[in-house]
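**Student:** this one's structure only:
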């Protein structure tokens, strides 16, 4: 499959590690990509990066996508040399069995594995016990003394996975939210002379409470904010009720009406939809029962603000096999770009 976008950049963004509060490596890629596409780049004490394209008016629009991925922090090394961790972000511990991980130690990255005891040796009590992150034990394949020298409490841990094309789709880790970060960077490349000032915001710590976006709601203080994030695509055999699918891969970009953190401004989401229809961009409507996004971080942090959100349908969220359809990524880039280019600052979003 030949995608009509910069797949090597998407691959780099998703394979690069950056857990909440420690997005350094991703931040470096974002700064590099902003160099030739925006007028000004700045960052703050939390690590948010803002690339600004100056418009012809003082009216400003913030676009946000988060840099962080869910991961772990080392909390203990056992006497036997196994590493125990604390979660950074929301994990379903069931997906962690038998996974390969990278521990980001002071002297360099170290590969480890999360062990899984063979099923035929488990006791009945062990079979019935729910998986929990606190029970994870990372095996580094070294003796305890060497592990003690290599790993320290506070070291960061990410799951190890490559990003691959799979038919018409792309699959890998950290599509949440690097595929939307990629979308934002692509839109910044395409927009040259907007009527309004656009702040492209690469945010931090979304996975632990939308913390970076809340800070930017004050510091950037936009007149309008549009957040980008992945959304649930439960269009898989395990989900029997079609309503629970939320979105479907291949049906286009998703225009968010709500999630558990926000109800988007009706005038904003209607105008986003109008742009999609005018530009003949494939799209679907998203009503997400659970899950929060940076959209909420801007809505009322520094007074009431109109907010909207555009999402990329993604299967298997918060695993290392997150999967999105190439054409939906393209549609999201097209819709974001078209919406920003059509924004004049004269639309009244008050209700």
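**Tutor:** Looks like it arrived, so ask away. What you are looking at is a predicted structure, and each value in this text was computed from that prediction instead of being measured. Residues are numbered from 1 along each chain as shown.
**Student:** Check the closest residue in space to residue 106 that isn't next to it in sequence and give its pLDDT.
**Tutor:** Using C-beta to C-beta, 6 or more residues apart in numbering and skipping the chain neighbours, the partner closest in space to residue 106 is residue 152 (6.8 Å). To be clear about C-beta, it is placed using only N, CA and C from the backbone, and glycine gets the same treatment. The per-residue pLDDT reported for residue 152 equals 96.
**Student:** Can you get me a residue count around residue 152?
**Tutor:** Using other C-beta atoms under 10 Å, residue 152 has 13 neighbouring residues.
**Student:** which element is it on?
**Tutor:** Assessed by DSSP states H and E, residue 152 sits outside every helix and strand.
**Student:** quick one: it from residue 107, how far?
**Tutor:** When C-beta to C-beta, to the nearest Å is the yardstick, residue 152 and residue 107 sit 10 Å from each other.
**Student:** one step back: quick check, the residue nearest to residue 106 in contact with residue 103.
**Tutor:** No - with contact defined as C-beta atoms under 8 Å, residue 152 does not count as touching residue 103 (9.7 Å).
**Student:** where do the contact lists of the two overlap?
**Tutor:** By the contact definition C-beta atoms under 8 Å, 6 or more residues apart in numbering, residue 152 and residue 103 are jointly contacted by residue 74.
**Student:** how much space between residue 222 and residue 64?
**Tutor:** According to C-beta to C-beta, residue 222 stands 9 Å off from residue 64.
**Student:** Need the overlap of contacts for these two.
**Tutor:** Residues within reach of residue 222 and of residue 64 at once, by C-beta under 8 Å, 6+ apart, are residue 298.
**Student:** Run a quick neighbour tally on residue 15.
**Tutor:** Per other C-beta under 10 Å, the neighbour tally for residue 15 reads 16.
**Student:** ok, now the one 3 residues further on?
**Tutor:** Summarising burial for residue 18: neighbours were counted as other C-beta under 10 Å, giving 26.
**Student:** Equivalent analysis for residue 120, please.
**Tutor:** Around residue 120 sit 5 other residues, with neighbours defined as other C-beta under 10 Å.
**Student:** what do you get for the one 4 residues further on?
**Tutor:** Counted with other C-beta under 10 Å, the neighbours of residue 124 add up to 7.
**Student:** What's the first helix or strand after the lowest-mean-pLDDT helix or strand in the chain?
**Tutor:** Least confident helix or strand, the chain: helix 124-128 with a mean of 70, by mean pLDDT, DSSP states H and E. Moving toward the C-terminus from helix 124-128, the first helix or strand encountered (DSSP H and E) is strand 138-139.
**Student:** can you give me the offset of that next one from its chain's centre?
**Tutor:** For strand 138-139, the distance from its own C-alpha centre to the chain's C-alpha centre is 26 Å (C-alpha atoms, centre = their mean, to the nearest Å).
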